[in-house]
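Asks: everything below, folded, please.
(2 chains)
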Amino acid sequence: KNQVEQSPQSLIILEGKNCTLQCNYTVSPFSNLRWYKQDTGRGPVSLTIMTFSENTKSNGRYTATLDADTKQSSLHITASQLSDSASYICVVSASTNAGKSTFGDGTTLTVKP
Amino acid sequence: GAGVSQTPSNKVTEKGKYVELRCDPISGHTALYWYRQSLGQGPEFLIYFQGTGAADDSGLPNDRFFAVRPEGSVSTLKIQRTERGDSAVYLCASSLGAGGIWDEQFFGPGTRLTVL
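Replies: Next up, the predicted model:
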């Protein structure tokens, strides 16, 4: 069964600090992995997409990594801002059914001043 | 339109009633998805359409749930004989296609359904 596990479940950090969120998956055959940011009361918004051949990708202060061998990904946020407070969801798609992705339960990040 | 829109934003109904939730996708997007999200959890896949046809409806929990997309654009999720356990946020998303790596899903703000 395809599964996506995220850790930690929640995280509180001070503004300006860095943090790293983890995602482990068992989706096979692997196609791609996306990290989404979901603000409270809003729909998720894509931050990055990783394909099999990519190890790291940056989008501003967000950097995602992928280890396809160990089936792990991480999302690193640098110099956090109050607006980074949100849920971060890892989503993995299989190449056999790209329309039906597997979502993790997300990590809830709170950035405090 | 600028993005995916969903109506209503909030729906309160009584147990046993019928409800319809509407989704307007981004113009030109051929794929449309419905998800259900409970508090503290990630979105749970329900169904996705490629054009007018349901390409995969394996996530619909039972036969009380039904979705249509008659003209390949707007979609309606229909729930019959609602139960308290149906209370959740129902998210809709659309993408240009559904088979490619670069087919990013764009989400609407969701409809919060509360069954009393």
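
Asks: quick check: closest non-adjacent residue to residue 43.
Replies: Defaulting to chain A. Excluding its sequence neighbours, the residue lying closest to A:Gly43 (Cβ to Cβ, 6 or more residues apart in numbering or on different chains) is B:Phe107, at 2.9 Å. Heads up, the C-betas are built off the backbone N, CA and C, glycines and all.

Asks: look at chain B instead
Replies: Per Cβ to Cβ, 6+ apart, closest to B:Pro43 is B:Tyr35, 3.7 Å.

Asks: can you tell me how far the one you found is from B:Ala67?
Replies: Separation of B:Tyr35 from B:Ala67 (Cβ to Cβ, to the nearest Å): 12 Å.

Asks: and for A:Ser93?
Replies: Applying Cβ to Cβ, the value for A:Ser93 to B:Ala67 is 21 Å.

Asks: is chain A within reach of stretch B:77-90?
Replies: No. Among the residues of stretch B:77-90, none lie within reach of chain A under Cβ under 8 Å from any Cβ of the partner chain; the closest is 8.8 Å away.

Asks: and for that stretch, what's in contact with it?
Replies: B:6, B:13-21, B:23, B:34-38, B:46, B:64-68, B:92, B:110-116 (Cβ atoms under 8 Å, 6 or more residues apart in numbering or on different chains).

Asks: what would that stretch look like as CSV? C-alpha coordinates only.
Replies: These are the backbone C-alpha positions of stretch B:77-90, laid out as CSV (Å, rounded to 0.1, in the frame of the first residue of the first chain):
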residue,chain,number,x,y,z
LEU,B,77,-19.9,16.5,-5.7
LYS,B,78,-23.2,15.1,-4.4
ILE,B,79,-23.7,13.5,-1.0
GLN,B,80,-27.0,11.8,-0.2
ARG,B,81,-28.3,11.0,3.3
THR,B,82,-25.5,12.9,5.0
GLU,B,83,-24.0,11.5,8.2
ARG,B,84,-22.1,13.3,11.0
GLY,B,85,-18.9,11.5,9.8
ASP,B,86,-19.2,13.3,6.5
SER,B,87,-18.2,16.6,8.2
ALA,B,88,-14.9,17.8,6.7
VAL,B,89,-13.4,20.3,4.3
TYR,B,90,-14.0,19.2,0.7
